[in-house]
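Asks: My questions concern the predicted model and sequence given below.
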Amino acid sequence: MILALDFDGVICDGLNECLLIAWNAWHQNSPSDLDESQLIGIPDAFKASFAANRNFVRHNGHFIVPFLQENIDFQTQEDFKTHYDSIDAALKARFESHFETLRQTFQTQHEERWLAMHTLYPRIGEVLQNRSHKLYIVSAKDTPSIQLILKSLGVYIPEEHIFGSQKDKIQALNQIALFENVQKDQIVFIDDNLPNIQVAQQNGFTKATWATWGYHIPSDVELQKELQIPKLYLEEFTRKFGARQLV
């Protein structure tokens, strides 16, 4: 069996880090301006809007949306995408480029502070450290960030097993199946993004499972029931994939 995990929303919660980086990217601040104390000064209404929009974010560029659509209560991923697509392309490119520069600089110059802004979900570290099955990471988060967080946990995953900055996760899953020479139904893909799981199921990854403990929207719960997509709670995940009860 091959286990393929999403990162943010499955392994760790990095919401505050994303908020801090996005806030400075939007205001075109320099890397020297980055300071965790800035979080206190961000208006609570915007924080709430940013957290709500986080449920729809699939790549770094998407973090621009709450700065332009703060008062819109998106109901579906398609609504969010429509608004994102309507934003000027040059503005999106400038924001995303600056976002990535700020994150890289923060990591490099203040590694411990940057790591402290990420919180692992309970017992996830134990599962990763004691695993006895092949593990891949398939995430929209960039590979250097993933590697740095895993390194801080004492977890080593070969670089070729990390598919970072993925905007098309099916492509990554197909590459894993090809690389491991296994059938698609031998890959357990776990993601907190329900549409990703739905698409994976439609493409033959029948063991793709929705992680209920990450970022999701209220309508996902009803959609999961309607489509009968497999779901997993965090306690079930750690029990099933923990070292003492490996399948």
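Replies: Right, received. Where do you want to start?
Asks: report the longest helix in the protein, please.
Replies: The helix that spans the most residues within the chain, counting by DSSP state H, is helix 89-109.
Asks: List the buried residues of it.
Replies: 92, 95-96, 98-100, 102-103, 105-107 (16 or more other CB atoms under 10 Å). Any C-beta I mention is one placed from the backbone N, CA and C, and that applies to glycine too.
Asks: How about stretch 171-179?
Replies: The neighbour-count check on stretch 171-179 (16+ other CB under 10 Å) flags 172-174, 176-177 as buried.
Asks: from those, which is closest to residue 25?
Replies: Residue 25 lies nearest to residue 172 out of the buried residues of stretch 171-179, by CB to CB, at 25.6 Å.
Asks: what helix or strand does that closest one sit in?
Replies: Using DSSP states H and E, residue 172 maps to helix 169-180.
Asks: outside of that helix, which residues touch it?
Replies: Where contact means CB atoms under 8 Å, 6 or more residues apart in numbering, the residues beyond helix 169-180 that reach it are 2, 4, 134, 136, 138, 160, 163, 166, 183-184, 186-187, 189, 191, 196, 199-200, 203, 205.
Asks: pLDDT of the longest helix of the chain, averaged?
Replies: In this model, helix 89-109 has an average pLDDT of 96.
Asks: Which elements pack onto the helix or strand following it?
Replies: Toward the C-terminus, helix 89-109 is succeeded by helix 111-116 as the next helix or strand (DSSP H and E). If you count contacts as 3 or more CB pairs under 8 Å, 6 or more residues apart in numbering; DSSP states H and E, helix 111-116 packs onto helix 89-109, helix 143-152.
Asks: Just want the angle from the first one to helix 143-152.
Replies: The directions of helix 89-109 and helix 143-152 differ by 30 degrees, with axes from the mean of the first three to the mean of the last three CA atoms, to 10 degrees as the criterion.
Asks: re the thing from before, let's see which of the contacts of helix 169-180 end up in helices.
Replies: Among the contacts of helix 169-180, the members found in helices (DSSP H) are 196, 199-200.
Asks: follow-up on the earlier one: kindly reformat the buried residues of helix 89-109 as TSV containing distance to residue 50.
Replies: Formatted as TSV, the buried residues of helix 89-109 follow (distance: CB to CB, whole Å):
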residue	distance to residue 50
92	17
95	14
96	16
98	17
99	13
100	18
102	16
103	16
105	21
106	18
107	21
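Asks: got any ranges where the protein has weak pLDDT?
Replies: Under the criterion pLDDT under 70, the flagged ranges of the chain are 70-71, 243-247.
Asks: tell me the strands in it, going along the chain?
Replies: 2-5, 12-13, 119-120, 134-138, 162-163, 187-191, 209-211, 231-232 (DSSP state E).
Asks: is it possible to export those strands to CSV including mean neighbour count and distance to residue 46?
Replies: Formatted as CSV, the strands of the chain follow (neighbours: other CB atoms under 10 Å; distance: least, CB to CB, whole Å):
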stretch, mean neighbour count, distance to residue 46
strand 2-5, 21, 30
strand 12-13, 20, 19
strand 119-120, 14, 21
strand 134-138, 22, 30
strand 162-163, 22, 32
strand 187-191, 24, 27
strand 209-211, 23, 27
strand 231-232, 16, 31
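Asks: Relative to residue 76, which of those strands is closest?
Replies: strand 209-211 (16.1 Å).
Asks: Can you name every helix or strand that the closest one contacts?
Replies: Packing partners of strand 209-211 (3+ CB pairs under 8 Å, 6+ apart): strand 187-191, helix 194-202, strand 231-232.
Asks: Looking at these, spot the one closest to residue 85.
Replies: If you check each of those against residue 85 by CB to CB, helix 194-202 wins as the nearest, at 15.9 Å.
Asks: Let me see the contact set for the nearest residue to residue 140 once chain neighbours are set aside.
Replies: Once flanking residues are discounted, residue 140 sits nearest to residue 59: 4.8 Å by CB to CB, 6 or more residues apart in numbering. Residues in contact with residue 59, defined by CB under 8 Å, 6+ apart, are 96, 140, 165, 167.
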